[in-house]
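[1] fold the following, please.
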Amino acid sequence: MSEKILKINKVDICTESFGDPKDPAVLLIMGAMSSLDWWDEDFCLLLADQGRFVIRYDHRDLGQSTIYDPGTSNYTITDMADDAAGVLDAYSIDQAHIVGMSLGGMIGQILALRYPDRLFTLTIISSSVFGTEMEKLPPMDQSILDHHAKSASIDWSNRDAVIPYLADGWKTLAGSKPYEQERIYKLAEREADRAKHLPSRFNHALLGGGDVYYDRMGEISVPVLIIHGTEDPALPYEHGLALAKTIPHAELMTLDGSGHEIHSEDWDQIIDSVVNLSS
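    Modelled structure (predicted):
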């Protein structure tokens, strides 16, 4: 494992890599308000053991990457796609297999349209259609919104308050599979300890841009795998089905009982599918 702070698009982006740089590259793009820590290190190592060079990174306003004052909007989703391409540039990678979770899946869609020659394949996990079709689909469960509403009363300098808040956020995203409290709390501890300024994460709620790529998913030409849990409370399963229809050649893999998460019970299935797609 190797951590680097890279200067990309005039900002700092923190990255970590696993495996042999000579192997095919897999770039992991996490979702909104989620640092690279939520690509579990053990998951990354298992994927690297399958002969892949794995890279995870912090988006802006997360972890050790550049942060901005809370409540400000300084970049667009297209800028975030450019950040992902910049990570590949910094590692001297011409083409990679992209795996995006939630917002990361939408960034992956933009990448596939904006930089089609940079992708071998695209795997989209727990995400949705980037476009107007999304507005017609079932909304996020209210319990998730209620949880984040509590953020205004959090003492962000109090580690003992912050870690349960971060961990319980993932609990609201879980499906019916057992909540992995010990593992999630360890990841929350790592995120809390690494972050420059945790409240900056909420700037992702102000994210805009990318309009030029709306409703163009049918133009994606690389092989696409869509992975979606049947009990996703953030982007319900209908979002995965709609995405599969929007990208005509895409394959849909259903995770029964999974929520808006990368549950350890699903790791082998996800890793095997990513490796098969990238073979």
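[2] please count neighbours and contacts with C-alpha atoms only from this point.
    Noted.
[3] looking at the residue most central in space within the chain now. What's its pLDDT?
    With distances taken as Cα atoms, centre = their mean, Met30 lies nearest the centre of the chain, 1.9 Å away. pLDDT, the model's per-residue confidence, is 98 for Met30.
[4] from what I see, it and Ile55 are in contact.
    No. Between Met30 and Ile55 no contact is recorded; they are 11.2 Å apart, counting by Cα atoms under 8 Å.
[5] quick one: stretch 233-248 to chain centroid distance?
    Using Cα atoms, centre = their mean, to the nearest Å, the distance from the centre of stretch 233-248 to the centre of the chain it belongs to is 16 Å.
[6] same deal with stretch 103-114?
    When distances are taken as Cα atoms, centre = their mean, stretch 103-114 is centred 11 Å away from the chain's centroid.
[7] check contacts around the residue nearest to the centre of the chain.
    Leu36, Trp38, Trp39, Tyr57, His59, Gly100, Met101, Ser102, Leu103, Gly104 (Cα atoms under 8 Å, 6 or more residues apart in numbering).
[8] which residues of the stretch 101-250 of the chain fall in strands?
    Read by DSSP state E, counting those that start in this stretch, the stretch 101-250 of the chain holds these strands, from start to end of the chain: 119-125, 224-229.
[9] let's see the pLDDT reported for the residue nearest to Gly71 when sequence neighbours are not counted.
    Nearest in space to Gly71, with sequence neighbours left out and distances taken as Cα to Cα, 6 or more residues apart in numbering, is Asn203 at 5.7 Å. At Asn203, the model reports a pLDDT of 98.
[10] what are the buried residues along the lowest-mean-pLDDT helix or strand in the chain?
    Scoring the helices and strands of the chain by mean pLDDT, DSSP states H and E places strand 2-8 at the bottom, with a mean of 92. The neighbour-count criterion (16 or more other Cα atoms under 10 Å) identifies Ile5, Leu6, Lys7, Ile8 as the buried residues of strand 2-8.
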